[in-house]
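# Sequence below, structure please.
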Amino acid sequence: MAVTQPQPMAPPPAHEGILRRQSLRESAARTYARSLPIVPVRARGLTIEGADGRRYLDCLSGAGTLALGHNHPVVLEAIRSVLDSGAPLHVLDLATPVKDAFTTELFATLPPELADHGRVQFCGPAGTDAVEAAFKLVRAATGRDGLAAFTGAYHGMTAGALAASGGARDTTVTRLPYPYDYRCPFGTGGERGAELAARWTANVLDDEKSGVRKPAGMILEPVQGEGGVIPAPDSWLRRMRDLTAERDIPLIVDEVQTGVGRTGAFWAVGHSGVVPDVLVLSKAIGGSLPLAVVVYREELDAWPPGAHAGTFRGNQLAMAAGAATLAYVRDNDLARRAGDLGARMLSRLGGLAAEYGCVGDVRGRGLMLGLELVDEDGPADPAGARPAAPLLAAAVQEECLARGLIVELGGRHGAVVRLLPPLTITDEQAEAVLERLADALGAAVRRGPGGAGAARAGGEAGAALTPGTAEPAAETVTPYRTAPLGADR
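Alright, predicted model coming up:
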């Protein structure tokens, strides 16, 4: 009788080993890798291909960094040009032709009042360092120490930036109310809520018994991103500009995530006509590579040499990629395109709010969109807002991933599903994103409480995402199947 030899077990797929080693070797502080267990190996435009062969529509875009999507040809050409030229890649803060070209392109996009009388400080490569530089700048210029910031804010992960963000615990930063229609701190929402927020701010600044000394500066976001995709009313932004100007308080506007056409204007302050004293920029200005700057009125240029420095503030490849990105967005009117397409997407998302009681609010500006998910059976506050539903939001994110769609979560309780697609997204791709999101929401609602992990456990959706052996380059993007790489070009 023949003895049957046991068949050797097949080794686990390579991507599983990579994910396992990451979990063993990397810090517990890692974030995106926890909710997005994929191993990207190729990408172009809106599309990412994982090591397992699956393809995804990326509506995270490097947290808003990828204005032109992944590996846009103009970005790649700009990088190759520098590499092929033999130019130095590391120059500290020395002047170079690449840096000069970037600065010229950047200033051409700024509000004229700032560009004509502005200075630029190149910072360390992260946006949080630019925020720190802005704080040091206004403190040096005014001789004051305090700062005014807003509830729900997010300005970075270094100590000073965190102190001005919404999650701060021990801080001397004065916290002021940010207008938030759905969860208005005054229970009114709308123009009335924004007016009360402005009145509160003016009172705090003017009341000698408020306990708040005149600050060195005020920092705000035109749209709070990590705070839950909350656009500030234009009228409120103008009030903040007036309040700070009348009191000689420099206004710092953080456009790290809202800049380079994201909201439908090249810089989000363009919607309101506000010209800040200090503009903090990063993410998309580097064309997908690390770069951060502060642009400010020349009157504030009071700090001594070396007051804020960083070894990698002269990133030549990022400056080349950034200049190419700024020019492409401007020449192709992508800010207007983002505004038009974003408005249509927002309208479609409104249909989900009408269909599902768990969608408490839909909001955004341009291609910076969010759905706030709530417990529809929970008690409403005086303004009608229901309790946040973070578990439902996590389930929606998971179901989206199972359908080949990458989304981010944000907001106070992580209950806001965020969409940050590249500005190059096509109408066809936007339709696919919306259909997949709607289907994922329906699936998450059907799962109900305690359904975490169901999407990954079921093989049907995952199998549907596996690309075919021969996909035509012009294949129509439809739900449950992702586009071939480069289809958005």
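# From now on I want contacts and neighbour counts done on CA atoms only, so please keep to that.
OK.
# Do I have it right that Gly339 meets His271?
No - contact criterion C-alpha atoms under 8 Å: Gly339 and His271 do not qualify, at 10.8 Å.
# So for the two, which residue has more residues nearby?
Looking at Gly339 and His271 with other C-alpha atoms under 10 Å, you find the greater number of neighbours at Gly339, namely 21 against 15.
# How about residues contacting the host helix or strand of the more buried one?
According to DSSP states H and E, Gly339 maps onto helix 334-355. Residues outside helix 334-355 that contact it (C-alpha atoms under 8 Å, 6 or more residues apart in numbering) are 260-266, 329, 359-369, 371, 423-424, 427, 430, 434, 438.
# and for Gly339 and His271, which residues touch both?
Contact criterion C-alpha under 8 Å, 6+ apart; residues shared by Gly339 and His271: Ala265.
# Figure out how far stretch 422-442 is from the centre of its chain.
The gap between the average C-alpha position of stretch 422-442 and the chain average comes to 18 Å, counting by C-alpha atoms, centre = their mean, to the nearest Å.
# Show me where the stretch 101-250 of the chain dips below the pLDDT cut-off.
Within the stretch 101-250 of the chain, the ranges that satisfy pLDDT under 70 run 169-171.
# so how far is Gly364 from the closest residue to Gly264 other than its chain neighbours?
Counting by C-alpha to C-alpha, 6 or more residues apart in numbering, the nearest residue to Gly264 once its immediate chain neighbours are dropped is Gly339, at 3.8 Å. Counting by C-alpha to C-alpha, to the nearest Å, the gap from Gly339 to Gly364 is 10 Å.
# Could you report the neighbour count for Leu110?
With neighbours defined by other C-alpha under 10 Å, the count for Leu110 comes to 18.
# Can you get me a residue count around the closest residue in space to it that isn't next to it in sequence?
Leaving out its chain neighbours, the residue that sits closest to Leu110 by C-alpha to C-alpha, 6+ apart is Trp267, at 7.7 Å. Residue crowding around Trp267 was assessed by other C-alpha under 10 Å; the count is 23.
# residues contacting Trp267?
Going by C-alpha under 8 Å, 6+ apart, Trp267 touches 110, 255, 258-261.
# Between these, which sits nearest Gln397?
For the contacts of Trp267, the minimum distance to Gln397 (C-alpha to C-alpha) is 22.4 Å, reached by Thr258.
# who are the neighbours in contact with the closest one?
With C-alpha under 8 Å, 6+ apart as the criterion, the residues that contact Thr258 are 64, 222-223, 267-268, 368.
# now swap in Pro387 and tell me
Contacts for Pro387 (C-alpha under 8 Å, 6+ apart) come out as 374-376, 378-380.
# try 6 Å
Contacts were defined as C-alpha atoms under 6 Å, 6 or more residues apart in numbering; by that measure Pro387 touches 374-375, 378.
# distance of it from Gly45?
36 Å.
# now swap in Ala232 and tell me
Between Ala232 and Gly45 the distance, using C-alpha to C-alpha, works out to 29 Å.
# ditto for Asn203
From Asn203 over to Gly45 the distance is 48 Å, taken as C-alpha to C-alpha.
# The two - which one has more neighbours?
Per other C-alpha under 10 Å, whichever of Asn203 and Gly45 has more neighbours is Gly45, with 26 against 12.
# Tell me which residues touch the more buried one, please.
Remark: with contacts taken as C-alpha under 6 Å, 6+ apart, Gly45 is in contact with 69-70.
# ok, what's across the strand from it?
With DSSP bridges as the criterion, the beta-bridge partners of Gly45 are His70.
# Over to the one 4 residues further on?
Each beta-bridge partner of Glu49 is listed here, defined by DSSP bridges: Arg42, Arg55.
# Tell me if I'm right that it and Arg42 touch.
Yes - distance between Glu49 and Arg42: 5.2 Å, which falls inside the contact criterion (C-alpha atoms under 6 Å).
# higher neighbour count, these two?
For the pair Glu49 and Arg42, the greater number of neighbours falls to Glu49 (23 against 15), based on other C-alpha under 10 Å.
# got the CA positions of stretch 144-153 in CSV?
The C-alpha atoms that make up stretch 144-153 are tabulated as CSV, following Å, rounded to 0.1, in the frame of the first residue of the first chain:
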residue,chain,number,x,y,z
ARG,A,144,4.3,88.7,22.9
ASP,A,145,4.0,85.0,23.8
GLY,A,146,0.4,83.9,23.8
LEU,A,147,-1.5,82.4,20.9
ALA,A,148,-5.2,82.2,19.9
ALA,A,149,-6.5,79.0,18.2
PHE,A,150,-9.8,77.3,17.7
THR,A,151,-11.7,74.3,18.9
GLY,A,152,-11.4,71.3,16.5
ALA,A,153,-8.1,72.5,15.0
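# Could you tell me which residues within it count as buried?
Of all the residues in stretch 144-153, those buried under the rule 16 or more other C-alpha atoms under 10 Å are 145-153.
# Widest-spaced pair of these?
Pairwise distances among those were taken by C-alpha to C-alpha; the largest, 21.9 Å, belongs to Asp145 and Gly152.
# For Arg35, give me phi and psi.
Not quite, residue 35 is Ser, not Arg. The main-chain torsion angles of Ser35 are listed as degrees, to the nearest 10 and equal phi -90, psi -10.
# returning to what we had before: let me know the angle separating the helix or strand that comes right after the helix holding Gly339 from helix 334-355.
Taking DSSP H and E as the definition, the helix or strand that follows helix 334-355 towards the C-terminus is strand 359-365. For strand 359-365 against helix 334-355, the angle by axes from the mean of the first three to the mean of the last three C-alpha atoms, to 10 degrees is 170 degrees.
# heads up, I number from 22, so please use that
From this message on, residue numbering opens at 22, which makes the last subject strand 380-386.
# Next secondary structure element downstream of strand 380-386?
From strand 380-386 onward toward the C-terminus, using DSSP H and E, the following helix or strand is strand 389-394.
# helices or strands up against that next one?
Contact here means 3 or more C-alpha pairs under 6 Å, 6 or more residues apart in numbering; DSSP states H and E; on that basis strand 389-394 packs against strand 380-386, strand 437-440.
# mind listing what it pairs with, with the direction of each?
If you go by DSSP bridges, strand 389-394 pairs up with strand 380-386 (antiparallel), strand 437-440 (antiparallel).
# In TSV, list those along with mean pLDDT, mean neighbour count and distance to Val299.
TSV is the format used below for the strands paired with strand 389-394 (pLDDT from 0 to 100; neighbours: other C-alpha atoms under 10 Å; distance: least, C-alpha to C-alpha, whole Å):
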stretch	mean pLDDT	mean neighbour count	distance to Val299
strand 380-386	97	23	22
strand 437-440	98	27	27
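# export those to JSON lines and tack on distance to Ala464?
Formatted as JSON lines, these follow (distance: least, C-alpha to C-alpha, whole Å):
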{"stretch": "strand 380-386", "distance to Ala464": "14"}
{"stretch": "strand 437-440", "distance to Ala464": "15"}
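# Could you work out which of those strands reaches nearest to Arg196?
Counting by C-alpha to C-alpha, Arg196 lies closest to strand 437-440 out of the strands paired with strand 389-394; the figure is 22.5 Å.
# Next, Asp275: phi, psi?
For Asp275, the backbone dihedrals (degrees, to the nearest 10) come out as phi -90, psi 110.
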